[in-house]
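>>> Need coordinates for the following:
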Amino acid sequence: MNAGKSTSLLQSAHNYREQGMHALVFTAAIDDRFGRGIVRSRIGLEAEALLFDDSTSFMAHVSAALYDGTVACVLVDEAQFLSAAQVDELARVVDEHQVPVLCFGLRTDFRGELFPGSARLLAIGDKLSELKTVCTCGRKATMTLRIGEDGKPVTDGNQVEIGGNERYESRCREHWREAMHNRVGRSVPKS
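Got it, this is the predicted structure:
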């Protein structure tokens, strides 16, 4: 949250376009906060994108694009919503078509649990780069708090609930743990 993932994706897409190259940009169909098929950053940059959901075949999209011309890169926003099988398929795009794939997303949910897509990306990704954001204390934020309508941290619920700054806050592990502890009135396991 708030580390500039979408901004970095949009900058990458721009860099390819500027060189006359085509990048396929995907975003999760489930996230329609800015309209369907739009990747938008908090600083106002945006671009159209293809939608993906559980039924999306990335190999089919890339194969069709390669048939019609060239694809220089595949960029995936909200990669935490990929399935493990889709991550494997994207790896095949790299290995079989030599098309780079860059995935941008969250590692963990509001409970500190890995998303399935993120877990698979961590397992088989060629290169992992972390974009830093900061906690309210100024330290590196690695955790995400989900905030309820009452303004307090949420400790349980569905793993996926779409929202932005009105629903989620970035925290360092210490302050995430403290907020979760205060909400439930019990200890959260120590790392």
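>>> and residue 83, what does it touch?
By Cβ atoms under 8 Å, 6 or more residues apart in numbering, the contact set of residue 83 is 54, 116-117. Every C-beta, even on glycine, is put in place using the N, C-alpha and C of the backbone.
>>> quick one: which of these is nearest residue 87?
residue 117 (5.8 Å; Cβ to Cβ).
>>> hmm, back to that, from the contacts of residue 83, pick the one nearest residue 131.
Of the contacts of residue 83, the one sitting nearest to residue 131 (Cβ to Cβ) turns out to be residue 117, at 16.8 Å.
>>> Buried by neighbour count: which residues of the helix or strand where that closest one lies qualify?
Following DSSP states H and E, the helix or strand that holds residue 117 is helix 116-124. For helix 116-124, the buried set under the neighbour-count rule, 16 or more other Cβ atoms under 10 Å, comprises 116-121.
>>> of those, the lowest pLDDT goes to which?
Taken together, these show their lowest pLDDT at residue 116, with 90.
>>> Would you mind confirming that that one is in contact with residue 86?
No. Checked against Cβ atoms under 8 Å, the pair residue 116 and residue 86 is beyond contact range at 9.6 Å.
>>> got the CA positions of the helix or strand where residue 93 lies in CSV?
Secondary structure from DSSP H and E places residue 93 in helix 84-97. Extracted C-alpha coordinates of helix 84-97, given in CSV (Å, rounded to 0.1, in the frame of the first residue of the first chain):
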residue,chain,number,x,y,z
ALA,A,84,-0.7,-19.7,-8.5
ALA,A,85,-1.5,-21.3,-11.9
GLN,A,86,-1.5,-17.9,-13.6
VAL,A,87,1.9,-17.0,-12.1
ASP,A,88,3.2,-20.3,-13.5
GLU,A,89,1.7,-19.3,-16.9
LEU,A,90,3.4,-15.9,-16.8
ALA,A,91,6.7,-17.7,-16.1
ARG,A,92,6.0,-19.7,-19.2
VAL,A,93,5.5,-16.4,-21.1
VAL,A,94,9.0,-15.5,-20.0
ASP,A,95,10.6,-18.9,-20.7
GLU,A,96,8.9,-19.8,-23.9
HIS,A,97,8.4,-16.4,-25.6
